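S.K.: just to be clear, the model below is a prediction. Sequence and coordinates:
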Amino acid sequence: MNKSPRDQEKSAFTLIELLVVIAIIGILMSLLFPAVGAAIDAAKKAQAKNDVTQLATAITAYYTEYGKLPPDQDTVGYSPSSDKTFDAASNGIVGILMGTLTNNNPRQIVFLEVSDVSTKKGKSGLKGGNFIDPWGNIYQIILDYDYNNSLDITPGADTSAGGTGAKETVRKTVGVFNISSSSTKSTDSNSYRHVVKSWN
């Protein structure tokens, strides 16, 4: 049976109906974007927490093996005597832990494995010789070189760069953290919402 022209008109979408459907899809997408962003941020924080824990564990394993904390440079006889904070760079402690620098790891034990992420965005690993977090900032290491089991740590202490200026004393020998700011640096504490610490 053939449809009359009137029946064919009823089965077609009107412009208003099409615009309503597009508007509904737009509203649903706008509700979805914050959830996706939060999920990505949570995944990055989980990766950063894994990294700082892995790095702290590698340093502790080095300490167990050699009876001393690794120095931040691969120089024979170099022995720091007070707590020190430094970047996790592959030409220093990370290289020693990876077994690529041998002056302070003569047995070439691999305590830490870090992949190269030079070409990947949003991934942590070695980039430009530094161990970076998922936001592209270098991990920080603080070691208790005076062996009093106490670290004065200041993640985000540089208020000019958006830090909170907060300090904390930790009863640890090894501390690893990041100073990962949000894309818009400001002087309020929200700009350091991505700080991840090995001791928490």
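M.R.: Yep, that arrived. Numbering: from 1, shown residues only.
S.K.: what's the helix or strand for Leu19?
M.R.: According to DSSP states H and E, Leu19 maps onto helix 15-66.
S.K.: heading C-terminal from that helix, find the next helix or strand.
M.R.: Past helix 15-66, the next helix or strand by DSSP H and E is strand 84-87.
S.K.: and that next one, what does it pack onto?
M.R.: Applying 3 or more CB pairs under 8 Å, 6 or more residues apart in numbering; DSSP states H and E, we find strand 84-87 packed against strand 139-143. Any C-beta I mention is one placed from the backbone N, CA and C, and that applies to glycine too.
S.K.: for the strand it packs on, give the mean pLDDT please.
M.R.: If you average the pLDDT over strand 139-143, you get 92.
S.K.: and the direction of it versus that of helix 15-66, what angle?
M.R.: On the basis of axes from the mean of the first three to the mean of the last three CA atoms, to 10 degrees, strand 139-143 is oriented at 30 degrees to helix 15-66.
S.K.: ok so, going back, other SSEs contacting the helix holding Leu19?
M.R.: Other helices and strands packing on helix 15-66, by 3+ CB pairs under 8 Å, 6+ apart, are helix 93-98, strand 139-143, strand 174-178.
S.K.: cutoff 10 Å now
M.R.: helix 93-98, strand 130-132, strand 139-143, strand 174-178 (3 or more CB pairs under 10 Å, 6 or more residues apart in numbering; DSSP states H and E).
S.K.: run through who's touching the longest one.
M.R.: So that's helix 93-98. With CB atoms under 10 Å, 6 or more residues apart in numbering as the test, helix 93-98 has contacts from 54-55, 58-59, 61-62, 66, 69-74, 86-90, 100-105, 108-114, 126, 129-131, 139, 141, 143.
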